[in-house]
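Student: have a look at this prediction, sequence included:
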Amino acid sequence: MSDLPSPIPTILAASNIALVVLGVAVVGFFIWTIRGDLDRDVRSRYPWRTIWMSQLPFTEAWRSRIAPGDLAAFVRNRRRHLAFMSVGLLLLWSATAYGYVHAVVDVYRCHVSMLDGSMLQQRCRPSDPPSAAPR
């Protein structure tokens, strides 16, 4: 078992890189969402409740209150906000998966170090790699 190369460093590096890339993508989506917001003159023509309802998913009653000329801007703004919410959910799920991967790797390291026999008499702390555990 010790002859095989360990995939742990590769898995941890991939999870770190994926989380950083996704964080940068969320920042990019946030800037894209802010830049595509409704113009001030369009926003001033409608009450805040109508604008707020236009950004929520599963609401359609706001469409009857919007002038046909402004409907395209509202739909574009709605699409941007829904895309940003979707990417935010993806980041939340990715952060959860990141924590899960790190927990599994810590348990695996502890388990392997116990199987090697060097840690049978001592308690393994999951946050320490097996080589740095106290002897």
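Tutor: Done, it's in. Numbers count the residues shown, from 1 in each chain.
Student: can you give me the helices for the chain?
Tutor: Per DSSP state H, the chain carries helices over the ranges 8-35, 40-44, 48-55, 71-115.
Student: from the chain's centroid, how far away is the longest one?
Tutor: Which is helix 71-115. The offset between the C-alpha centroid of helix 71-115 and the centroid of the whole chain comes to 3 Å, using C-alpha atoms, centre = their mean, to the nearest Å.
Student: so where is this structure shaky, pLDDT-wise?
Tutor: 1-5, 116-135 (pLDDT under 70).
Student: find the centremost residue of the protein, please.
Tutor: The centroid of the chain falls nearest to residue 91 when counting by C-alpha atoms, centre = their mean (0.8 Å).
Student: name the nearest residue to that one, ignoring sequence neighbours.
Tutor: Of all residues not flanking residue 91 in the chain, residue 26 sits nearest, at 5.1 Å (C-beta to C-beta, 6 or more residues apart in numbering). All C-beta atoms are positioned from the backbone trio N, CA, C, and that covers glycine.
Student: now do residue 94
Tutor: If you skip the residues right next to it in sequence, residue 94 has residue 22 as its closest partner in space, 5.2 Å away by C-beta to C-beta, 6+ apart.
Student: counting neighbours, what do you get for that neighbour?
Tutor: 17 (other C-beta atoms under 10 Å).
Student: repeat that for residue 110.
Tutor: Residues within reach of residue 110, counting by other C-beta under 10 Å, total 20.
Student: from residue 103, how far out is it?
Tutor: For residue 110, the distance to residue 103 (C-beta to C-beta, to the nearest Å) stands at 11 Å.
Student: surely the residue nearest to residue 91 touches residue 85?
Tutor: No - with contacts defined as C-beta atoms under 8 Å, residue 26 does not count as touching residue 85, sitting 11.0 Å away.
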